[in-house]
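**Q** got a predicted structure here, sequence first:
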Amino acid sequence: MRKFGMKRAIVGAAIAALAMNASAAHAASATGTAKAKILRQITLTNTSDLQYATIISGATASTVAVSTGGTRTCGGSLTCTGTATAANFDVAGTDGAVVVVGGDSSVTLNGSLGGTMTSSLTYSSATITLGATGGSFQVGGTLNVGANQASGDYSGTFNVTANYQ
Amino acid sequence: MVSEISTMLAQAGCDHRDGVGPYPETIVGIVSMLRFVKGFGLFTAVALGVAAAPVHAAGDLLVAPTRVILDGSRGTEVVLNNIGSEPATYRISLEIKRMTAEGGLDEIAEDEANPAERAALDMIAFSPRRVTLPPNQPQVIRVGVRVPEGTPQGEYRAHMLFRAVPDAAAAAPAAAAKPAGEGVSIALTPIYGITIPVIVRVGDLGAEASIGEAWVGETPDGPAFNFDLARTGNRSVYGDIEVTRPGVAEPLLVARGIAVYPEVAKRNVSLRVPGELAAKLKGPVRIRYTEDREIGGGTIDEAERIVK
């Protein structure tokens, strides 16, 4: 899918190039030289979400942690079900390129039946060096669950960026 | 994967780099389109005990090139492509980031910008700022620059952020209310994007860099090869790092695209390496910092170090 995307990028830019050629033709140039500039690129794809899955809260406040490796640690008074995952992002670009990973360090979640929770976020690495097949980074976190936290579907958004220097 | 082949800007007889032939003043944008957005397909876990299917990711994106340098008069183009499987609306904006001594990029709120950062935001113009793209549809973003008269010489920089706008439908499945006492389910939606630096150089600028001590250290995520990189002058330095062992042709480590921005005089470069490579890096090495291959690849600094 990614390769297909690149092909279309070439096609799209080629359209722009054709139009440029058209205006260059007005310059009465007789030469037929063509030049191509290959631009370096970066792609970012989100392949899994940070999932704490389902938690049944207890009588005391506790935490649920999902490591950047996707392992869930369920706090003492809680019951955790479902499959937890860390968020994964794939980055592709120039072989050897160093990409700086940035993002929010915490997120607030709002419940569908009221109530809020906060989660801290952890990143697997502050920078990644891309290999021939790109690279990836993961986001895990620790969710603070209140005593008798109101049930419901909690949702929130957090910002993540892959930054070239 | 041949990673650099992504986007071609073919130019017939008018390469703006060598100045032969007229460069068309009108930058040609690909017909921008407004198509109906069906929604992001982002959904949240609803039912108790049912794990949500992985969200496949409206908002995946490609950006090229990965760095823009403007001399103060001529603009350029950046290509954004929707490589996700759903239509997505992307917003393009300029952000201020400051390099830290650790080599990170801190995000700075616009009202905390210093005068030079403010000037960078004011002199860089771009269009469009918001675009809806079907899958595999590229869009050219035109980037222009206007340096006001009397601008002090120096390097002005902002970071162009491309990211998908979260769809309203993705927010909360309010209809699917959960019976009380059945526990909580959690859905966290990342809003993710790419930033590239847009650098405007005003005046005749120069800079040098020097490689400091090098060592292998442990980070919470594993071993890393570290060295200090100091900078002098009135602009940033940017280039590739190659670490070789004397007498061995194959480099031990290559890292491309390492910058030291003017706001720091010195930064640490920390590169995560596999344990096996970390062990190999210890001992005598030659570290070479070279300019980008695209501008000739000249050596910026070169040093022999004993890695501890």
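**A** Here it is on my side, so go on.

**Q** parallel or antiparallel, which strands does the longest strand along chain B pair with?
**A** Across chain B, the strand with the greatest residue count (assigned by DSSP state E) is strand B:184-202. Sheet neighbours of strand B:184-202, with direction, are listed as strand A:54-56 (antiparallel), strand A:152-164 (parallel), strand B:68-70 (parallel), strand B:154-164 (antiparallel) (DSSP bridges).

**Q** now the helix or strand hosting B:L94: mean pLDDT?
**A** Under DSSP states H and E, the secondary-structure element containing B:L94 is strand B:88-99. Mean per-residue pLDDT for strand B:88-99: 96.

**Q** buried set for the helix or strand that that strand is followed by?
**A** Heading C-terminal from strand B:88-99, the first helix or strand you meet, by DSSP H and E, is strand B:105-108. Along strand B:105-108, the positions that meet the burial threshold by neighbour count (16 or more other C-beta atoms under 10 Å in any protein chain shown) are B:105, B:107. Where you see a C-beta, it was placed from the backbone N, CA and C, and this is true even at glycine.

**Q** so in that sheet, which strands flank strand B:105-108, and in what orientation?
**A** Each strand pairing with strand B:105-108, determined using DSSP bridges, is listed with its direction: strand B:88-99 (antiparallel).

**Q** domains in chain B, by residue range?
**A** Following automatic domain parsing, one finds the domains of chain B at B:61-166+B:190-202, B:207-307.

**Q** would you mind finding the most buried of those domains?
**A** Burial among the domains of chain B, expressed as mean neighbours by mean count of other C-beta atoms under 10 Å in any protein chain shown, is greatest for domain B:61-166+B:190-202, which shows a mean of 19.

**Q** distance between it and the chain's centre?
**A** Relative to its parent chain, domain B:61-166+B:190-202 has a centroid offset of 9 Å by C-alpha atoms, centre = their mean, to the nearest Å.

**Q** distance between the ends of it?
**A** End-to-end distance of domain B:61-166+B:190-202 (C-alpha to C-alpha, to the nearest Å): 32 Å.

**Q** same question, stretch B:102-109
**A** Taking C-alpha to C-alpha, stretch B:102-109 runs 20 Å from one end to the other.

**Q** mind listing residues that contact that stretch?
**A** Contacts to stretch B:102-109, defined as C-beta atoms under 8 Å, 6 or more residues apart in numbering or on different chains, come from residues A:100, A:102, A:126-127, A:163, A:165, B:95-100, B:117, B:159, B:195, B:267-270.

**Q** so where is chain B shaky, pLDDT-wise?
**A** Filtered on pLDDT under 70, chain B yields the residue ranges B:1-57, B:167-182.

**Q** let me see the ranges of the helices in chain A.
**A** Taking DSSP state H to define them, one finds helices in chain A at A:2-25.

**Q** the longest helix seen in chain B near chain A at all?
**A** Using DSSP H, we find that the single longest helix of chain B is helix B:115-123. No: in terms of C-beta under 8 Å from any C-beta of the partner chain, no part of helix B:115-123 sits within range of chain A; the closest distance is 15.9 Å.

**Q** and the gap between B:T76 and B:A125?
**A** Distance, B:T76 to B:A125, by C-beta to C-beta, to the nearest Å: 12 Å.

**Q** swap in B:L62?
**A** As defined by C-beta to C-beta, B:L62 lies at a distance of 23 Å from B:A125.

**Q** do the same with B:R231
**A** Applying C-beta to C-beta, one obtains 29 Å for the distance of B:R231 from B:A125.

**Q** now do A:S119
**A** In this view, A:S119 and B:A125 are 38 Å apart by C-beta to C-beta.

**Q** do B:R118 as well
**A** Going from B:R118 to B:A125 by C-beta to C-beta gives 15 Å.

**Q** same check on B:D292?
**A** Taking C-beta to C-beta, one finds B:D292 at 25 Å from B:A125.

**Q** quick one: the strands in the stretch 1-150 of chain B?
**A** B:7-8, B:11-12, B:61-64, B:68-70, B:76-82, B:88-99, B:105-108, B:124-127, B:130-133, B:138-145 (DSSP state E, counting those that start in this stretch).

**Q** so the last one, near chain A or not?
**A** Yes: applying C-beta under 8 Å from any C-beta, one finds that strand B:138-145 is in contact with chain A at B:138-140.

**Q** what packs against that strand?
**A** Based on contacts counted as 3 or more C-beta pairs under 8 Å, 6 or more residues apart in numbering or on different chains; DSSP states H and E, the elements that strand B:138-145 packs against are helix A:2-25, strand B:68-70, strand B:76-82, strand B:124-127.

**Q** name every strand pairing with it and say which way it goes.
**A** Sheet neighbours of strand B:138-145, with direction, are listed as strand B:76-82 (antiparallel), strand B:124-127 (antiparallel) (DSSP bridges).

**Q** need these in a markdown table with distance to A:T85, can you?
**A** Conversion of the strands paired with strand B:138-145 to a markdown table gives the following (distance: least, C-beta to C-beta, whole Å):
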| stretch | distance to A:T85 |
| --- | --- |
| strand B:76-82 | 24 |
| strand B:124-127 | 36 |
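
**Q** tell me how far B:T89 lies from A:T157.
**A** If you go by C-beta to C-beta, the gap between B:T89 and A:T157 works out to 15 Å.

**Q** swap that for B:I83, please
**A** For B:I83, the distance to A:T157 equals 21 Å [C-beta to C-beta].

**Q** same deal with B:T66?
**A** 26 Å.

**Q** repeat for A:Y164
**A** Taking C-beta to C-beta as the criterion, A:Y164 is separated from A:T157 by 23 Å.

**Q** so which of the two has more stuff around it?
**A** Remark: of A:Y164 and A:T157, A:Y164 carries more neighbours, 23 against 17, as counted by other C-beta atoms under 10 Å in any protein chain shown.

**Q** the more buried one: what's it in contact with?
**A** In this structure, A:Y164 makes contact with A:42, A:97, A:99-100, B:66-67, B:194-197, B:257, judged by C-beta under 8 Å, 6+ apart.

**Q** from these, which is closest to B:V145?
**A** Within the set of the contacts of A:Y164, B:P197 lies nearest B:V145; the separation is 13.5 Å, counting by C-beta to C-beta.
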